[in-house]
Each structure stands twice: as structure tokens, then as C-alpha cells.
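[1] structure here, sequence nowhere to be found:
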């Protein structure tokens, strides 16, 4: 079974600083998608960034970037220049394409941003 | 485009009752997935519907069922409610295939007393 592990239940960062959230996953598949979702107190899950396993280049979306290590099955999220609005639960997720929409989520990391 | 909408946003039911939750996907999206989110179990996949057919199913008892209509709107039903069914139920839609990300609704908070 595919599992996703987020080893940091809580993280804290000072505004304008950089923070890295960890995620590891376990799969025997060679082709899959990885995602980071953000869930603020409003509860709406918002996609932060995605990575296709066949792509070696790490994905980047503005202040958000990932460090994808396929051999190590590691997918960490780096948030640069942290802002107060970044405070939320962050979930790492995994899905096997193309027809399986069974997304597996990690337990989440609660990120606090200190002013 | 309007986002994914879920109704109702909050619901309180009694053990033994049944409940129906509704999800309207983004216009043009044909896939709708349902997830249960609890503090203890986290986010768990319930099932996915595509073109009115259940395409994938998670590991939940038969009390949990769903359906999708021709306009892609989906409903989820839970019969004989148990206290452990108290959760946030999230719906997510996708355009179809191939596709990558799901777009989530705000969720329905179900409390079973």
C-alpha cells in the first residue's frame, strides 16, 4: 500500500524567513504525482504545488519550491519569505496516474508564522 | 468560474439517522471525489465518480454510498450514522483525464450526537 509520512506535526517560522516541510512516501510505482496542499482555518484545501515523478526538475511556484528525491522517496516543500498568510495545515499527497483518483495524504504539518 | 460548492456547510445528526451531502463541481469537471477528514485518521479517500459511474472506492463500510448525476453533481449518503462518522467531508472535482490536480470544496462539517 502507498503511504505518505509527514514527520513534523508542527513547524514554526519567523515572518520573511524560510522553512522546509518534510514528506516521505512509499510506493513501488515508477510513475506518480506528488502534491502539497494547504488548508487554512477556513478549511478550503488549496493546491500549492505539484510534481510529476518522471520530471527530474524540481517544481517551483513563486515562493514555494520542492526538493524531489525520487530514489529516496522524499518530497519536501520549501517556503521562502514566509508570510502571515502562509499559516495553515500543509498536506503532502500522492496519486498514481492516470485513472486512479485515490489520493493518499500525509497526516499534515501545522505551520505557524510569527510576526 | 465558480468553485466547488458543498451543501450544507454544517450538519448535526443523531446516531442511527441517515444523511445526504451534496457537491457541485466546477463547471465542465466530470470527476468528483469524496474524502473524510478526522483528527484521528486524517484525510481518507471515500470514492470517486466519473460520468455517473463509481470509478474508485476507498476502504469504507457499505453505509457510505454515493452517486453522480448527468450534470456531474454528486451526492454522498451515510446510513445508520455512528458517532465515529463525525468528520469534515470534502468533495473535490477534476476536469477529466489526463489531469493532475483536484479542486476542493469548503467541506461539510457533520456532527453525530
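    Arrived safely. Here the structure is a predicted model, which means the values were calculated and not measured.
[2] contacts and neighbour counts: CA atoms only from here.
    Noted.
[3] ranges for the strands of chain B?
    In chain B, the strands defined using DSSP state E lie at B:5-7, B:10-13, B:19-24, B:31-38, B:42-50, B:53-57, B:64-68, B:74-78, B:87-94, B:103-104, B:108-112.
[4] meant to ask about chain A
    Going by DSSP E, chain A shows strands at A:3-5, A:10-14, A:19-21, A:24-26, A:33-39, A:46-52, A:60-61, A:64-69, A:74-79, A:88-95, A:104-105, A:109-114.
[5] can you tell which of those is closest to chain B?
    strand A:104-105 (6.1 Å; Cα to the nearest Cα).
[6] tell me which residue is most central in chain A.
    Closest to where the C-alpha atoms of chain A average out (Cα atoms, centre = their mean) is residue A:36, at 3.1 Å.
[7] count of neighbours near the closest residue to it other than its chain neighbours?
    Excluding the flanking residues, the one nearest residue A:36 by Cα to Cα, 6 or more residues apart in numbering or on different chains is residue A:92, at 4.6 Å. The burial count assigned to residue A:92 is 29, neighbours taken as other Cα atoms under 10 Å in any protein chain shown.
[8] thinking again about what came up before, hmm, the residue nearest to the centre of chain A is touching residue A:93, no?
    Yes. With contact defined as Cα atoms under 8 Å, residue A:36 counts as touching residue A:93 (6.2 Å).
[9] rewinding a little: a markdown table for the strands of chain A, including distance to residue B:38 and mean pLDDT?
    Compiled in a markdown table, the strands of chain A are given as follows (distance: least, Cα to Cα, whole Å; pLDDT from 0 to 100):
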| stretch | distance to residue B:38 | mean pLDDT |
| --- | --- | --- |
| strand A:3-5 | 16 | 92 |
| strand A:10-14 | 17 | 97 |
| strand A:19-21 | 21 | 98 |
| strand A:24-26 | 21 | 94 |
| strand A:33-39 | 14 | 94 |
| strand A:46-52 | 18 | 92 |
| strand A:60-61 | 29 | 94 |
| strand A:64-69 | 27 | 96 |
| strand A:74-79 | 24 | 97 |
| strand A:88-95 | 13 | 94 |
| strand A:104-105 | 12 | 90 |
| strand A:109-114 | 15 | 97 |
